[in-house]
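Asker: below: sequence and its predicted model.
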Amino acid sequence: MAGESIEINPSGITNSGGQGAGTISGYDYLYMDMAVDFTVNPDAFTQLVSVADASGEGYTLTCTAGTAPGAPGSIQLQLDVEAGYSQSTPVITPPEGWAVNDGDMSSEHNPEGGVSWYITMTYGDGTADLVPADPMELTVGVSGVVANPAPSGGGSSGGSSSSQPEKPKIRVENQLDEENASSDTRLWPYGTVEEDGVSVTTVTQEELEALLELARQHAQDVEGLEGDGYKEGIIVIEDLDENKTNSTYILKLTEDQFQSISQEQWDRFTVQTPAGSISLYGGSIQQVAALEGEVDVTITRLEHGDRPGVDVTLTVGGVPVTEFGETYGVRIFVPYVPAPEEDVNAIVIEYIHEDGTLEVVTECFYDPVAGGVYFFTNHLSKFGVAYRPSVFSDVGADHWANPYVTFLAARGLLDGTGSRYRPDDAATRGEMISLLSQALSAANLPASAVQVYDDVPASSSLARASGWLYFNNLASALTSGGKLRPDEAITREDMAALLGNIASGVGLRLRSKGLDTGYTDLGQVASYAQTSVVRLRSAGILEMAENYKFNPKATLNRGEMAQIVATLLSSL
């Protein structure tokens, strides 16, 4: 390899990650860092492709092994900078074992009006063989004021001119999810700066407008699909070096930029980072938009025992927004890879109180496709992934209801008799009411128990839940003569009516998936339950039997109760 060299021209490199690394913007002035990575290995110098397409005009890096003026164990780097970028200064981050010492960098102006930098990087004490035992990564950065060269045709005192480099292509894309009748539009901004493990991203107006315009173009795509239609705007932040993760990610949006987002007909606005994601739904978006000032979204990695967690904050004008008025107005995602022996149904999220106490978030579920845990909350704080396996002796691993019973038990929602759950026993009306009121944290149960039904005394464990149903008029169709009949077995149609009413009462988004709702015995369903049966089936909460019957008058058993409620929670 002695005497041979490779030219690395960023404008010809294909991006494979490291969003924004090496980007040279087309704007007039820009303070930035550019990183061109390559690997020093035994046989050659091979670039690590981490520079965005067509983004590095103005920079050519040439690496020469073992040649003058370096002694054995050195590499000479030549960085040629075009005239328009000549105010830049190289910043060298050598790999372990290598060094760039004082006096190892010099520059000279070249005939084209640019600058050539010469850098000598030494391995060890400079006397060892050049080739390290293992591949080594070098980062050559360029930082400082970057000014565009004059457009073609413009004169200069030196009699030469440079052409205006192209602006980096804005990266936006739309994805249509036909199964869920959704249209997701994503933007990967280039304006990310990393320092000491903190990633800060800003969005240019051109980038935001590209996101909004592409979303509008595809807004009608969902109209022809079976289902309610779902539109989401997503800003994706990535590590500049995929091999080096940050601890904190901050997205900064101006007040005007967030106002533009709030005016779109999006169901959800998401900020996605390697540490986790936060999604704001319609009402929460409008709540933030009603405030004045820059919007900063911060997601910080946490360690929660031997599992990950996140600390999520949102400020407007420097003032934290911690509480959201909309029910199920905020969804958070934490990446997590389960251990091989872990049952994903027992994976939950714990809210970490300021005093260190833990509280299970019931509305959480592990998504194997996304590779992590989603959960809903109406406040921002610290949250961590936890594992809470539970075993009932009569619901073994081979039992059909095991996944659903495990799911609910991990969230502290199921009671049994000793170590038995009794999945084949009839579910009572009281058990269904109790399970739903605990599972849905948005059920704003009264602080004190009162008697509102003749057969549910204030001393009953069901009194607060029954009072909530009564004062919100959610169980009127299921009661008669002032009685709730909590100990009576619940029928399938009463289960559907109760679940449908409660879902509406707490503001659940049971979006239609366009599933077949054609139960052959739908006409036999009581009038007060028919709408709920169709709605729950279309949303995938209820199954369609092989004989296409709903069996409205049949009694629901405890295994079926667990299946329906677990399916509800994992469909939010």
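Answerer: Looks like it came in fine.
Asker: what's the longest helix in this structure?
Answerer: When the chain is parsed with DSSP state H, its longest helix is helix 492-506.
Asker: any idea which helix or strand comes after that helix?
Answerer: helix 527-538 (DSSP states H and E).
Asker: please export the C-alpha coordinates of that next one as CSV.
Answerer: Output of helix 527-538 as CSV, limited to C-alpha atoms (Å, rounded to 0.1, in the frame of the first residue of the first chain):
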residue,chain,number,x,y,z
SER,A,527,-81.0,-2.7,20.4
TYR,A,528,-79.0,-1.0,23.1
ALA,A,529,-75.9,-3.2,22.2
GLN,A,530,-76.1,-3.5,18.4
THR,A,531,-74.0,-0.4,17.7
SER,A,532,-71.3,-1.4,20.2
VAL,A,533,-71.1,-5.0,18.8
VAL,A,534,-70.5,-3.6,15.2
ARG,A,535,-68.1,-1.0,16.5
LEU,A,536,-66.0,-3.4,18.6
ARG,A,537,-65.9,-6.0,15.8
SER,A,538,-64.8,-3.5,13.2
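Asker: what comes into contact with that helix?
Answerer: Applying C-beta atoms under 8 Å, 6 or more residues apart in numbering, the contact partners of helix 527-538 are 477-478, 493-494, 496-497, 499-501, 510, 512-517, 519, 522, 525, 542, 544, 550, 552. C-beta here means a position set from N, CA and C on the backbone, and glycine is covered the same way.
Asker: 6 Å instead, please
Answerer: The contact list for helix 527-538 (C-beta atoms under 6 Å, 6 or more residues apart in numbering) reads Ala477, Glu493, Ala496, Ala497, Gly500, Ser512, Leu515, Thr517, Val525, Leu542.
Asker: any idea where the strands of the stretch 351-500 of the chain begin and end?
Answerer: For the stretch 351-500 of the chain, the strands defined by DSSP state E, counting those that start in this stretch cover 358-361, 364-367, 372-377, 382-387.
Asker: quick one: buried residues of the host helix or strand of Ser260?
Answerer: Taking DSSP H and E as the definition, Ser260 sits inside helix 255-262. By neighbour count on 16 or more other C-beta atoms under 10 Å, the buried set for helix 255-262 is Gln257, Phe258, Ser260, Ile261, Ser262.
Asker: greatest separation within the contacts of helix 527-538: which pair is it?
Answerer: Ala477 and Leu515 (24.6 Å; C-beta to C-beta).
Asker: which residues are in contact with Ile278?
Answerer: Ile278 neighbours (C-beta under 6 Å, 6+ apart): Val271, Val312, Ile332.
Asker: alpha carbons only: can I get stretch 294-312 in CSV?
Answerer: What follows is stretch 294-312, C-alpha atoms only, in CSV (Å, rounded to 0.1, in the frame of the first residue of the first chain):
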residue,chain,number,x,y,z
GLU,A,294,-40.4,27.8,20.9
VAL,A,295,-41.4,24.2,21.4
ASP,A,296,-38.6,21.9,22.6
VAL,A,297,-39.2,18.1,22.8
THR,A,298,-36.5,16.3,24.9
ILE,A,299,-36.2,12.5,25.2
THR,A,300,-33.4,11.1,27.5
ARG,A,301,-32.4,7.5,27.9
LEU,A,302,-32.7,6.0,31.4
GLU,A,303,-31.6,2.8,33.0
HIS,A,304,-34.5,1.1,34.9
GLY,A,305,-32.9,-1.8,36.6
ASP,A,306,-31.5,-3.9,33.8
ARG,A,307,-34.0,-2.5,31.3
PRO,A,308,-34.3,0.8,29.5
GLY,A,309,-36.5,3.8,30.2
VAL,A,310,-37.1,7.4,29.1
ASP,A,311,-37.4,10.8,30.6
VAL,A,312,-39.7,12.8,28.3
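Asker: make JSON lines out of the buried residues of helix 255-262 and add distance to Tyr470 and pLDDT.
Answerer: JSON lines is the format used below for these (distance: C-beta to C-beta, whole Å; pLDDT from 0 to 100):
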{"residue": "Gln257", "distance to Tyr470": "46", "pLDDT": "97"}
{"residue": "Phe258", "distance to Tyr470": "41", "pLDDT": "98"}
{"residue": "Ser260", "distance to Tyr470": "44", "pLDDT": "97"}
{"residue": "Ile261", "distance to Tyr470": "40", "pLDDT": "98"}
{"residue": "Ser262", "distance to Tyr470": "37", "pLDDT": "97"}
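Asker: give me the phi and psi for Glu226.
Answerer: phi -70, psi 120 (degrees, to the nearest 10).
Asker: how about it: what's its closest non-neighbour residue?
Answerer: Closest residue to Glu226 apart from its sequence neighbours, by C-beta to C-beta, 6 or more residues apart in numbering: Gly514 at 2.5 Å.
Asker: residues near the one you found, how many?
Answerer: The number of residues packed near Gly514 is 17, by other C-beta atoms under 10 Å.
Asker: so it touches Gly227, yeah?
Answerer: Yes. If you go by C-beta atoms under 6 Å, Gly514 and Gly227 touch, sitting 4.3 Å apart.
Asker: that older thread, quick one, which of the strands of the stretch 351-500 of the chain gets closest to Glu560.
Answerer: Here strand 364-367 is closest among the strands of the stretch 351-500 of the chain (C-beta to C-beta), at 19.2 Å.
Asker: check which residues of that closest one are buried.
Answerer: Judged by neighbour count (16+ other C-beta under 10 Å), strand 364-367 contains these buried residues: Cys364, Phe365, Tyr366.
Asker: coming back round to it: contact partners of the helix holding Ser260?
Answerer: Leu208, Phe269, Ile285, Ala289, Gly293, Val295.
Asker: contact partners for the fifth one?
Answerer: Applying C-beta under 6 Å, 6+ apart to Gly293 gives the contacts Glu255, Val316, Gly317.
Asker: what about 7 Å?
Answerer: The contact partners of Gly293, taken as C-beta atoms under 7 Å, 6 or more residues apart in numbering, are Glu255, Val316, Gly317, Gly318.
Asker: closest one to Asn345 out of those residues, please.
Answerer: Nearest to Asn345 among these is Val316, at 37.6 Å by C-beta to C-beta.
Asker: noted, bye for now.
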